[in-house]
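1. When you get a sec, could you give me coordinates for this:
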Amino acid sequence: METQRDFSKYALSPDALREKQEELGRLNGTREQIVKALKSAALRPEQRDRLKNTLPHYEQKIRSLREQIIANELLGNLNPDEVSIPTHYQDRKR
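-> Residues are numbered from 1 along each chain as shown. The predicted structure follows:
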């Protein structure tokens, strides 16, 4: 029987975590290359526009991967027995 506080189902396996970290490194490298290319004066305007349009896509993917990795670290360090969520005074039964 699963409890409400079973956080292990949300944690990534070590292999999945390593894959996410490798993908994050690869995406960071690609993003840095795009930023470096945008600083170059040798780009044609259509290339510059295309790179400017793809940059937010990479930044969103990087942000998403970072959040997943951080959440996995937090859930991995979390002991379900020590989690106590106090009830709020507005949640009391009337």
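2. if I pick residue 27, what's in contact with it?
-> Residues in contact with residue 27 (CB atoms under 8 Å, 6 or more residues apart in numbering) are 58, 61-62, 65. No exception for glycine: its C-beta is placed from N, CA and C like everyone else's.
3. Would you convert those residues into a markdown table that also reports distance to residue 33, pLDDT and neighbour count?
-> Formatted as a markdown table, the contacts of residue 27 follow (distance: CB to CB, whole Å; pLDDT from 0 to 100; neighbours: other CB atoms under 10 Å):
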| residue | distance to residue 33 | pLDDT | neighbour count |
| --- | --- | --- | --- |
| 58 | 10 | 96 | 17 |
| 61 | 15 | 96 | 15 |
| 62 | 13 | 96 | 16 |
| 65 | 17 | 94 | 17 |
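4. State the number of residues packed around residue 12.
-> Neighbours of residue 12 under the rule other CB atoms under 10 Å: 17.
5. give me phi/psi at it?
-> With angles defined as degrees, to the nearest 10, residue 12 sits at phi -80, psi 150.
6. So it sits against residue 20, correct?
-> Yes - counting by CB atoms under 8 Å, residue 20 is a contact partner of residue 12 at 6.9 Å.
7. where do the contact lists of these two overlap?
-> Going by CB under 8 Å, 6+ apart, residues that sit against residue 12 and also against residue 20 are 68, 72.
8. for this protein, longest helix please?
-> helix 45-76 (DSSP state H).
9. which strands and helices sit next to that one?
-> Judged by 3 or more CB pairs under 8 Å, 6 or more residues apart in numbering; DSSP states H and E, helix 45-76 is in contact with helix 14-39.
10. quick check: angle from the helix it packs on to helix 45-76?
-> If you take axes from the mean of the first three to the mean of the last three CA atoms, to 10 degrees, helix 14-39 sits at 150 degrees to helix 45-76.
11. averaged over its residues, what pLDDT does helix 14-39 have?
-> What helix 14-39 shows for mean pLDDT is 94.
12. List the buried residues for that helix?
-> Neighbour-count burial for helix 14-39 flags 17, 20, 24, 27, 31, 34 (criterion: 16 or more other CB atoms under 10 Å).
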